[in-house]
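Trainee: have a look; sequence and predicted model below, questions after that.
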Amino acid sequence: MKVKTPSKLEKVLAAGHVAVTSECGPPRGSDPEVIIKKANLIKDHVDAINITDNQTSVTRMCSLAACIRLKLMGLEPVLQMVTRDRNRIALQSDILGAASFDIYNILCLSGDHQSFGDCPTGQNVHDIDSMQLIQTVRHMRDEHKFLGGADIERPPEMFVGAAANPFADPFEIRVPRLAKKIAAGVEFIQTQCIYDLDKFELWMKMAGDRGLTEKVSIFAGMTPFKSAGMARYMKNRVPGIEVPDEMIKRMADTPKEKQAEEGIKICIESIERLKEVEGVRGFHVMAIEWEEIVPEIVEKSGLYPRPSVE
Amino acid sequence: MIVADKKPIEEIIEEIKGHEKILILGCNECVTVCEAGGKKEVGILASALRMYFLNQGREVKIDEETLERQCDHEYLEEIRDVMDQYDAVVSLACGVGVQFMAEKYHTTPIYPGVNTCFLGATEKRGLWTERCQACGQCILARTGGICPVSRCAKRILNGPCGGSDHGKCEINKEIDCAWQLIIDRLKALNSLDDYEQLSPLKDWSTDRAGGPRKVVREDVQE
Ligand code: SF4
Ligand code: SF4
């Protein structure tokens, strides 16, 4: 497979490896050590690290600065960018800023509504949506042009990603929505956390039947449960996440002090199973504020060592 | 129509307490339909204010009037003769009416008596919901007749976002997800295939973003 950008992530995929990504949330402060520490915990076990963009609308250090920090450490960042907080001028400008530091991956998102965060009385922007952000990055990269039509000197070279939720409502557009993102120009997809493996496999099959899994690299999203409480919370409180009852029961039946271990075990078993699914090209391991567990999961699911690519 | 809601009386009192001769001015249009600023509400507010000032031991003249419309020169002229009897007006019209009053009666303080909320419809008595944000470039033809600009919490033109849950919006279980409604309607119209057409970046220059807007129609000007 020919690559279109200098992205290491793209190269790993093009070489036919199962890729691994993870993510770090920037701190609610300006201490760079927080990012450095989190990144050091996982850097040898992943191909690239997503940096979230004011996730759940809580104000944090900006994603771009944290990505630059990773770059300075010699690591491969994935710049997450939401359309909630910036208009098309700011988005294009930040893309160029990222490109000036040779950040080669971007994840285009709409972002949670600001009412969830620490500034619920603020405005949102939503000048463009996540599909249109995908189109924008592709336009800048491939046509070497701004949205306004002028030429870009030294255009961004970015591998373009987006999120997808195989369990999202409404049911009938789960696959069409993926098709639409692909038509917009997306090259890799990181999915929402998967617990209902049967349903995910069905989604993959439906996408495969439409030829979509050949056109995009799909990363299965994996988040280990730390406790039975977390499993229940994910099921009941987080929109768009489905957790089968057997899995909740398995966590609940485990003694409290062993629950984290059980959660990791479930995560590893899931990866083992999904590795075999046609079209799954990688895993996005999101261990929220539990980064130290990522190496163990990656190693035990046979995804270590990570390949080196040139 | 324009939907407005009542302003807390404390807030109104705070604004007008320094005045002695006050006109409460209603409007017979939208704010009457949404029961926030019609003749009935003018009466209720006027009585409450009279009561308040009486309890304060103050003599304040509170009069009532309701015009056919406050967003029209012709009707606003109807009170020109009596305006010099008042040192303040509380207008229960929408923000348009309040401003039109202020423009016309340049030296009299005009206070808003309602909060102007949105362009919407009466679902049932006591329940009004938003339908349009007057973006100036209507796209309803492409979205099954349901407006994502006003009804999607993120104005997403290629929705839904990942937060759509059992037909409801991520921000509140009481609010329908606009994109669920759009998809249901496209299905009913047998045109779900249209869903896969990418909606291009919107030209927001006709929206609020473009600055104060004007509609000029020379063909109907006199
Ligand atoms: S698309 Fe614009 S004009 Fe049409 S209903 Fe929505 S906000 Fe109003
Ligand atoms: S849940 Fe639906 S209405 Fe709410 S922001 Fe997402 S797409 Fe828009």
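Mentor: Done, it's in. Ligands and ions are numbered 1, 2, ... in the order given.
Trainee: just the pLDDT for residue 70.
Mentor: Going with chain A. At A:L70, the model reports a pLDDT of 98.
Trainee: my bad, chain B
Mentor: For B:Q70, pLDDT reads 98.
Trainee: element containing the spatially closest residue to it that is not a sequence neighbour, please.
Mentor: Spatially, and ignoring its direct neighbours in sequence, B:Q70 is nearest to B:G97 (2.9 Å; CB to CB, 6 or more residues apart in numbering or on different chains). Quick note: C-beta positions are derived from backbone N, CA and C, even for glycine. In the assignment (DSSP states H and E), B:G97 maps to helix B:95-104.
Trainee: likewise for A:M61?
Mentor: Using DSSP H and E, no helix or strand contains A:M61.
Trainee: would you mark the buried spots in the helix holding B:G97?
Mentor: B:G95, B:G97, B:V98, B:Q99, B:F100, B:M101, B:A102, B:K104 (16 or more other CB atoms under 10 Å in any protein chain shown).
Trainee: next one: the fifth one from B:I139, what distance?
Mentor: In this case it means B:F100. Going from B:F100 to B:I139 by CB to CB, to the nearest Å gives 30 Å.
Trainee: what's near enough to touch B:C177?
Mentor: A:D169, B:C152, B:G159, B:P160, B:S164, B:D165, B:G167, B:K168, B:C169, B:E170 (CB atoms under 8 Å, 6 or more residues apart in numbering or on different chains).
Trainee: let's see 10 Å
Mentor: Contacts for B:C177 were tallied using CB atoms under 10 Å, 6 or more residues apart in numbering or on different chains; they are A:169-170, B:151-153, B:159-161, B:163-171, B:183.
Trainee: can you check B:G95 too?
Mentor: B:G95 neighbours (CB under 10 Å, 6+ apart): B:I2, B:A4, B:C71, B:P112, B:V114, B:N115, B:T116, B:C117.
Trainee: these two touch, right, the third one and B:T116?
Mentor: Going back to what we said before, that points to B:C71. No: using CB atoms under 10 Å as the test, B:C71 is too far from B:T116 to be in contact (11.6 Å).
Trainee: overlap in contacts, those two.
Mentor: B:I2, B:C30, B:A93, B:C94, B:G95, B:V96, B:G97, B:V98.
Trainee: tell me the confidence at the second one?
Mentor: According to the model's per-residue confidence, B:C30 sits at a pLDDT of 98.
Trainee: for ligand 2, what's the nearest residue on the stretch 1-150 of chain A?
Mentor: Residue of the stretch 1-150 of chain A nearest ligand 2, by CB to the nearest ligand atom: A:H113 (6.2 Å).
Trainee: you'd agree that residue is up against B:R155?
Mentor: No: the criterion here is CB under 10 Å, and A:H113 misses it with B:R155 at 11.1 Å.
Trainee: just want to know which of these two has more residues nearby.
Mentor: The neighbour comparison of A:H113 against B:R155 (other CB atoms under 10 Å in any protein chain shown) goes to B:R155, with 25 against 21.
Trainee: enumerate every residue touching residue 33.
Mentor: Picked chain A for this. A:P27, A:R69.
Trainee: looking at chain B here, not the other one
Mentor: Counted by CB under 10 Å, 6+ apart, B:V33 has contacts B:M1, B:I2, B:V3, B:A4, B:A121, B:T122, B:W128.
Trainee: quick one, phi psi at it?
Mentor: Torsion angles at B:V33 (phi, psi; degrees, to the nearest 10) stand at phi -60, psi -40.
Trainee: how close does it sit to A:I152?
Mentor: For B:V33, the distance to A:I152 - CB to CB - is 52 Å.
Trainee: ok, A:V58 next?
Mentor: 33 Å.
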